[in-house]
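In: missing the sequence, but the structure's below:
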RNA sequence: GGCAGCGUAGCUCAGUUGGUUAGAGCAAACGGUUCAUACCCGUUAGGUCGACGGUUCGAGUCCGUCCGCUGCUACCA
């Protein structure tokens, strides 16, 4: 069997409910699929739910439900969220399936065989809520950086040798420019990898939920490690036939799970297993609502079902209201950055693009066809300029799709409607009709050609709309991309249908009093440190400066800047870390007298405790210049 | 603190390797048109292209410094 095109969304973690962000990724994937299919590819589109985490078990227990019943229920809500927007997935995959369990265990065993997974002892802090390990130095007031509770664990676990794949990943990406997209994200991954990858603990002790490690029932596979494997599991691997689908052509996702997991961990796992890598891993940005926060009371709800209802109320058929939401999502889809997604913005897109451009273009074209040529598609040929413009627009759409710029592809597709308007204005068919000008047939055909092209070009984004357009033209849907712009797609003599407006224009609202600008949520922004112009002597006296002598100095392993110093302050011995490695060799420091801040709160750096701070001047080029008493002073002497 | 990105019209954003007069959509004003969903077409207005300096015959574009925003990341001066 020939290789099929395989595209995926992430599988969604079932401890939350679907929202517009999920809709965005699913739509990106859906449009990608429909376009590929139009181009003649056989496509399989995978989505699903991630159901194995410890948090899932806890959420089920909190809800007083059996875990399996719980995940069955939540998984359904994601399926419905996809169905709601006519997301045409082929496989809705669940990580509690036997198929998945089998594949995860097989891959795990294979990675062990190849030495990419090894057993080691982990001792340290564990963030229960995030299901991740936390370094001592990252703790903030005894909590994880995210503010979650941590607990000390000491257990044997399996580790994936992620550290071994950094260079290979970089080399692969270098050779395959569309492996990581978009470019901005690629740069992020490169810098993430260049700073060094660490091996990843990929098991947890078995809580009675999850996929047991083959040969060691006391452990389950870490939820992220398990989840990523779904892409492979859905192909049937390791059973025969998986090559029909694997490698994936596109993994779509939102940006937050791109760098660490999909762009790095997953391809490294595949390399370790000696399996082919996906062609493209691509992340989109987020929607923000900072202009007017989403809330029901403000009437600017942006949940997909609410938006659909909003446009149904405005007079759209339900199928078309769904397309309105698809259209708005695609039009605003954040490629490199994040974009604002607000109701006024969606309404603007609706009126300008759907009502005024696309809907009206079809409407006026059909009306004129009936008025001027009895509704029959004329035999005359379209003018070469028209055919030329359509070909150009089509090429623009293709070009945007080549790098998955969904929003640009849609904008390009709309050019067909915009071009039609200019064409009509230039040709003035009503004048031609009045004068019985023989050019009339060609002009009407040109208009129909634009509308017919638009129908094919927007089909991947708004399939129901495209169907309505085809139906009103009384022509079959343009299922094949190659047909777009051809003479054959517009058979002469067919009598087109009567226009039926699809997207009634929204009436501009009576000018609302400007909503008071919302008080900006206070950012926990760290104020830049600016010393006050003057301080009192009492402030200065709070700082205890003392003369000390360096007894030992050694570099901190793994650090570029830090030296670990043992110093004597009077009778007291202290360990102090100092970022002066670039300026001083350890040997040159031993025996020297320096000045230290003796009452600084201790801190952990790179896992070592620092009980104070040494004084040094900021020299040129960022070099440090140590302060030393001019003559030897008794150690422990106060400095004022 | 480091690295990366961004800063262009009232708003959302394009601007290839430096090259005439910096563009599009929306909003605005004016004009035109009548096939159409008060639509469409055109014109106009609106920009020290974040600031300053530099390279160049020529800079939105390249270099430096600074300011502001965003992301990633971090190691006590």
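Out: In hand now; what should we look at? Everything quoted here is computed from the prediction, not taken from an experiment.

In: Once you drop chain neighbours, what's closest to residue A:589?
Out: Of all residues not flanking residue A:589 in the chain, residue A:553 sits nearest, at 4.3 Å (Cβ to Cβ, 6 or more residues apart in numbering). Where you see a C-beta, it was placed from the backbone N, CA and C, and this is true even at glycine.

In: sec struct for residue A:371, please.
Out: helix (DSSP: H, G, I helix; E, B strand; the rest coil).

In: That one: neighbouring residues, count only.
Out: 13 (other Cβ atoms under 10 Å).

In: Provide a list of residues in contact with it.
Out: residue A:433 (Cβ atoms under 8 Å, 6 or more residues apart in numbering).

In: Which strand residues bridge the residue nearest to residue A:589?
Out: Counting by DSSP bridges, residue A:553 is bridged to residue A:565.

In: What count of nearby residues applies to residue A:239?
Out: By the measure other Cβ under 10 Å, the count of residues near residue A:239 is 11.

In: Any figure for the gap between it and residue A:113?
Out: Between residue A:239 and residue A:113 the computed distance is 18 Å (Cβ to Cβ, to the nearest Å).

In: Contacts for the helix ranked longest in chain A next, please.
Out: Longest helix in chain A by number of residues (criterion: DSSP state H): helix A:406-427. If you take Cβ under 8 Å, 6+ apart as the criterion, helix A:406-427 is touched by A:28, A:31-32, A:35, A:327, A:330-333, A:335, A:353, A:357-358, A:361, A:364-365, A:368, A:386, A:389-390, A:393, A:396-397, A:399-401, A:439, A:443, A:446-447, A:450-451, A:453-454, A:457-458, A:461.

In: packing partners for the following helix or strand past that helix?
Out: Scanning forward in sequence from helix A:406-427 by DSSP states H and E, the next helix or strand is helix A:429-434. Where contact means 3 or more Cβ pairs under 8 Å, 6 or more residues apart in numbering; DSSP states H and E, helix A:429-434 is packed against helix A:360-373, helix A:440-457.

In: what's next to helix A:429-434, contact-wise?
Out: By Cβ under 8 Å, 6+ apart, the surrounding residues in contact with helix A:429-434 are A:368, A:371, A:372, A:437, A:439, A:440, A:443, A:444, A:447.

In: Now list the buried members of those.
Out: A:368, A:372, A:440, A:443, A:444, A:447 (16 or more other Cβ atoms under 10 Å).

In: how close does the residue nearest to residue A:589 get to RNA strand B?
Out: Distance of residue A:553 to RNA strand B, given as Cβ to the nearest atom of the strand, to the nearest Å: 11 Å.

In: same check, this time on residue A:236
Out: Applying Cβ to the nearest atom of the strand, the value for residue A:236 to RNA strand B is 34 Å.

In: before we move on, back to that, any idea how far the longest helix of chain A is from the chain center?
Out: Distance of helix A:406-427 from the chain centroid (Cα atoms, centre = their mean, to the nearest Å) equals 30 Å.

In: what about chain A, any weak spots by pLDDT?
Out: Chain A contains residues with pLDDT under 70 at A:1, A:130, A:135-147, A:289-301, A:508-542, A:557-560, A:582, A:601-608, A:618-623.

In: Work out for me the element the residue of the stretch 51-200 of chain A found nearest RNA strand B sits within.
Out: Taking Cβ to the nearest atom of the strand as the measure, the point where the stretch 51-200 of chain A comes nearest RNA strand B is residue A:187, at 4.2 Å. Taking DSSP H and E as the definition, one finds residue A:187 inside helix A:183-194.

In: Residue A:316 contacts residue A:503, correct?
Out: Yes: between residue A:316 and residue A:503 there is a contact at 6.1 Å, judged by Cβ atoms under 8 Å.

In: The two - which one has more neighbours?
Out: Using other Cβ under 10 Å as the criterion, residue A:316 and residue A:503 rank with residue A:503 on top: 28 against 23.

In: quick one: secondary structure of that one?
Out: Under three-state DSSP, residue A:503 comes out as coil.

In: In this structure it contacts residue A:312, no?
Out: No: taking contacts as Cβ under 8 Å, residue A:503 lies outside contact range of residue A:312: 11.8 Å.

In: Quick check: neighbours shared by the two?
Out: Joint contacts of residue A:503 and residue A:312 (Cβ under 8 Å, 6+ apart) do not exist.

In: which residues touch residue A:590?
Out: A:550, A:551, A:552, A:553.

In: and which of the residues you listed is nearest to residue A:191?
Out: Distance to residue A:191 across the contacts of residue A:590 (Cβ to Cβ) is lowest for residue A:553, with 31.2 Å.

In: so that closest one sits right up against residue A:567, yeah?
Out: No: at 9.3 Å, residue A:553 does not count as touching residue A:567 under the criterion of Cβ under 8 Å.

In: In terms of neighbours, single out the busier of those two.
Out: Neighbour count, other Cβ under 10 Å: between residue A:553 and residue A:567, residue A:567 has more, with 28 against 22.
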